[in-house]
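Student: Return a 3D structure for these sequence lines:
(2 chains)
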Amino acid sequence: MTYNTEKMHTMNTRSTHTIGRSLRNLILFSWILGFAVWGSSQTNFTLYNLNETAQAHYLNPAFRTKAKVYVSFPLGYQSFGVSNSGFTLNHLLQTRAQDDSLVLNPGLTMSKMAKLNYLNGESTNEIFAFAFGVKDNYFSFGVTNKFHSSLVYPKDLFVFGFEGNGKSLLGQRASLDGMGFNLLSYVEYAVGYNRKVNEKLTVGGRMKLLSGIANVHMEKSELGITTDAESFALTIDGSAAVNTSGIKPFYDSLTPSNYNPSKKAYNFSNRGFALDLGVNYELTEKIRLSASVVDLGSIQWKTENANFKTNNVNYTFNGVYINDFLNDSTSTFEDKLTDTLETIFSQQEDASSYRTGLYTRFYLGGNYAFHKSFNVGATLFNEIFNSKYRAGLLLSANVKVNNWFAATVNYSMYARSFTNMGVGFTIKAGPIQWFAISDNVLGFVFPQASKNFHFSTGLNLLIGNTDKQKESKAKFD
Amino acid sequence: MNSLKSSIGKWIAVYALIFFASSCKKLEFDKIAQTAWNPNLAIPLAYADFGVYDILARQDSTDLVVIDPSTGAIALVYKGEIASYDAQTIIQLDDQTQQSALSLAELSLTAAPAFSGTVSVNETENVVFAANAGVELHQVNFKDGMLNLNVSTELKHDISVVVTFPEFTLNNTPVSRILNLTYTGSTPQTATASIDLTDVLADFTLGNTTVNSFPVTFQTTITGTGENVVGTENINFAYNFSAMEFENAIGYFGQQNLGISNDTILLRLFESTTDGYFELTNPTVRFIVENSFGFPVRINFAEMKTINTITGQEFPLTGFPSTFNINSPAAMGTSTTSTLELNTSNTANLTTIISSVPKFFYFEANALSNPSGAVPPLNFVEDDSRFTVRTEVELPLEGLAYGFELRDTVDFNFNESVDEIESVMFRVISDNGFPVAFKAQMTFMDQNYTPLFTIYGTPQDVLQAALVDNEGKVNQRTKAVTDATLTEGQIALLPNAKYILINGVAQTLEATNGEIVKLYDTYKLNLKLAMQVQGSLGF
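Tutor: All right, here's what the predicted structure looks like:
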């Protein structure tokens, strides 16, 4: 564990019960909150509880490795994740009763969807990082490439596609509000500081200077198609505004053939700032509480921008207006419809700068140590992006065998998925530390039943041990 | 610690088991069977707003929807021009040649073996101008025409003749020509001259003593050549009139039959009907005559009736006025308009004959000019004078109708694949502001007009009549939704269908109970056509 406790304290029975209730309440609160909004991108829950790794401080700057110095060499930290909150392949494809053939089951698929569903992809690629400790202080520096993408698809889009508008959507508004695509790619340059304030409390923070590479930001996405139950008239309403940066060169015919977007990884033409803050508090020798906020910041997108905005649309298509053709035999239906749609869906484009927030995350953790080498924990993950709040909950069991091996197993609920089993371990052989993590190992075992796929690994060089000479009585060691 | 190690071992075993099991469970996409996609699409196809004008007058612009500006009440007016006569049908100035001669006596010559003297004489001759039968010309102002003079004689002497038409004046000056004959040793001697009649004013009354005549004066000088005078010679004159056109003419043009025989007016409102009772409470038939001829005309009506062209049944009109007198305009350049209106007050059964679903209004008549004979004032006519007879059948849309059957066949062509369509439902939504209901039935037919299938076993209420107040004016619109579902079997027949026969029965609100309704220009009919398709697509 990165938060070392110097001494163990005897815990009386009363306080144990009190803390036990608090922990249960915390878990219950987290459970309810987790049900409220399920759906998130990959979260690296497991890494949060695998504190032996040097990169755990990416999720909570109050965490620190026991090594005096670490260098992310030669592999560093690499993380990839994909999640689909809407459905699994098992929902989409069902085995036919009379044989083992697979048939599409759109009804089941749609029943599993929320109003809005997310197909997220995320990667974190540590380019270089190192850290070193000086007494109670710990300093770190890291360069990391981050990529997030999120395709938001409403349930009604599938209903419209599978059922048409003549069944459950008849007389209803097929809501495509929120539909869209977001993409965020940037490189962060972080400087971190961690300090053990006292025996119980450790705090940390990271200042990050960001260089934006590309962005697609659905600022506004409202679209609805209402089918009148009687006349079947189709009313389209909504408006959209999307800002892009670094995308236009890929479709603009004026882009030079030797265009190289990689410069934006370090030239800060799209500059941003972000802050990570964390706290770790050992309430007793058996109970540890932690909290952090990560990626609290924004990027100002200034270069290669193309921003599109449509008018507010409210157009009802009642069919062909016969009178037009009775009075004018020269026009065609296609001509008139094209003219109408061009008028209605006219868009404005500009290249003005804009600002986007990051995928700001909040972690709340609580761990209870049964033994110096075994503890259980609950972690509540929260994310805010684009004014949308998402949450996930993780229950973990964490073990540590001496200094060479640590592992964590967890069950988590996120992305409207309740069958996620995370596994992570770290092995230290001499100064080399290798770790591998998956927030949902079932995604590789039962891909057809999984919504979440995630894998992280890293290879670090660790030198020295700040706690090596200390006699520790703490359970969290 | 041993316990912990045991726990770790168990976890590792569980994960190994899961991983092993996963190797047996793979995504077998090759087992995906053909799947049906059954979308149900609800689509608006078309909509329209029809006003009175759209419904009643669109098919033929010669029919006129008349709106009473004070009330907005609607009437249909069917117009037709049944006769039109121009001035040339009244007066024809035909090409003609008139002649006159001067005898030796009139020339103060007698027979002689040799004549070397000089003789000068003045003579006047009256010449007849031929007009068409019954026309007595008093005065003609020529717009065009030529008068060619020809003189010939057997006299062997030099002759000079000044021919003057004292009643043919151009700018108040009589027209005149000099003809010279110089003897060269052969006879007959001839000479010609031409007079352009353009703008010549000709008087044919010989000083108000007669008609169709004009005087000619001759100043003749004969200079003897020493040749003899046989004693039988004359000087002959020929007056050849050609290409005459008049600017105007005055006279008495006789009792001419202008010859209106018979004509019909197609009442298109009833064109597509096959049966039914239709009653308009206040129809009128107008005969409108515009006359710029300067004489009176009388039209005598022989027969009026309506004809159902399908059955051939005729419905005679009775009690109508038999004559229609058209006055003469007071002066040239003016005209008169005379109107004879037939309505329920001056006919015995006009409402009845209109009610019988007719197609044509038929009438037979003749017109006679100067019905009272040659009584003053004199007739006149100008070259652009016309006598036109127009008719208008005005049908104020106020009444009732029931059992009013309409039938039409429209082309239909559907070549799309229907294999992936399970059912189609067509929906007609009407929001009717007219106090008229309409039941319809559609039959799809092949290229031989053989019925394939019929939508609606019995005619359905596509339109329900709007409700009216005590004055027969609509005070509440009525909405109707009518669905027609094509079965899978009927859909399969659609590619064979080439025609759709639309049968309909129209009825005004409570028509069978005698409810009178009126149509106003504010009435609107809103129609919407929609379709719901149940598809079945395999993939």
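Student: all helices for the stretch 201-350 of chain A, in order.
Tutor: A:322-327, A:333-344 (DSSP state H, counting those that start in this stretch).
Student: Would you mind giving those as TSV with mean neighbour count added?
Tutor: Bear in mind the C-beta positions are built from the backbone N, C-alpha and C, glycine included. Formatted as TSV, those follow (neighbours: other CB atoms under 10 Å in any protein chain shown):
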stretch	mean neighbour count
helix A:322-327	14
helix A:333-344	12
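Student: what's the closest of the ones you listed to chain B?
Tutor: Smallest distance to chain B across those (CB to the nearest CB): 3.7 Å, for helix A:322-327.
Student: Out of the helices of the stretch 201-350 of chain A, which gets nearest to A:Gly76?
Tutor: Among the helices of the stretch 201-350 of chain A, the nearest to A:Gly76 by CB to CB is helix A:333-344 (50.7 Å).
Student: what is A:Phe385 paired to in the beta sheet?
Tutor: A:Lys388 (DSSP bridges).
Student: where's residue 161, which helix or strand?
Tutor: Using chain A here. Using DSSP states H and E, A:Gly161 sits in helix A:155-163.
Student: think we crossed wires, I meant chain B
Tutor: strand B:158-170.
Student: in its sheet, what does that strand sit against?
Tutor: Here strand B:158-170 is paired, per DSSP bridges, with strand B:173-181 (antiparallel), strand B:201-203 (antiparallel), strand B:213-223 (antiparallel).
Student: what's the longest strand in chain A?
Tutor: In chain A, assigned by DSSP state E, the strand with the most residues is strand A:201-227.
Student: Check which helices and strands it sits against.
Tutor: For strand A:201-227, the packing partners by 3 or more CB pairs under 8 Å, 6 or more residues apart in numbering or on different chains; DSSP states H and E come out as strand A:137-154, strand A:173-175, strand A:180-196, strand A:234-245, strand A:271-282, strand A:287-301, strand A:354-357.
Student: Now do the fourth one: which elements does it pack against?
Tutor: By that I understand strand A:234-245. strand A:201-227, strand A:305-310, strand A:313-317, strand A:354-357.
Student: Give me the distance from the first one to the chain's centre.
Tutor: For strand A:201-227, the separation from the chain centroid amounts to 10 Å (computed by CA atoms, centre = their mean, to the nearest Å).
Student: Buried residues of it, list them for me.
Tutor: Buried residues in strand A:201-227, counting neighbours by 16 or more other CB atoms under 10 Å in any protein chain shown, are found at A:202-206, A:208, A:210-219, A:221-227.
Student: that older thread, okay, the strands paired with strand B:158-170 in a markdown table with distance to B:Ile159 next?
Tutor: Listed next are the strands paired with strand B:158-170 as a markdown table, based on distance: least, CB to CB, whole Å:
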| stretch | distance to B:Ile159 |
| --- | --- |
| strand B:173-181 | 4 |
| strand B:201-203 | 27 |
| strand B:213-223 | 5 |
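Student: Quickly compare those strands and say which is most buried.
Tutor: Among the strands paired with strand B:158-170, ranked by average contacts under mean count of other CB atoms under 10 Å in any protein chain shown, first place goes to strand B:201-203 (a mean of 20).
Student: ok, B:Arg177 touching B:Asp196?
Tutor: No - if you go by CB atoms under 8 Å, B:Arg177 and B:Asp196 don't touch, sitting 11.1 Å apart.
Student: Just the pLDDT for A:Thr310.
Tutor: Listed pLDDT for A:Thr310 reads 87.
Student: ok and the longest strand of chain A relative to strand A:137-154, angle-wise?
Tutor: 10 degrees (axes from the mean of the first three to the mean of the last three CA atoms, to 10 degrees).
Student: pLDDT averaged over strand A:201-227, what's the number?
Tutor: Average pLDDT, strand A:201-227: 94.
Student: same deal with stretch A:400-416?
Tutor: For stretch A:400-416, mean pLDDT is 84.
Student: what are the phi and psi angles of the closest residue to B:Gly472 other than its chain neighbours?
Tutor: With sequence-adjacent residues excluded and distances taken as CB to CB, 6 or more residues apart in numbering or on different chains, B:Gly472 is closest to B:Lys518, at 4.2 Å. Phi and psi for B:Lys518, reported as degrees, to the nearest 10, are phi -130, psi 150.
Student: what pairs with B:Lys518 across the strands?
Tutor: So, taking DSSP bridges as the rule, B:Lys518 has B:Glu398 as bridge partners.
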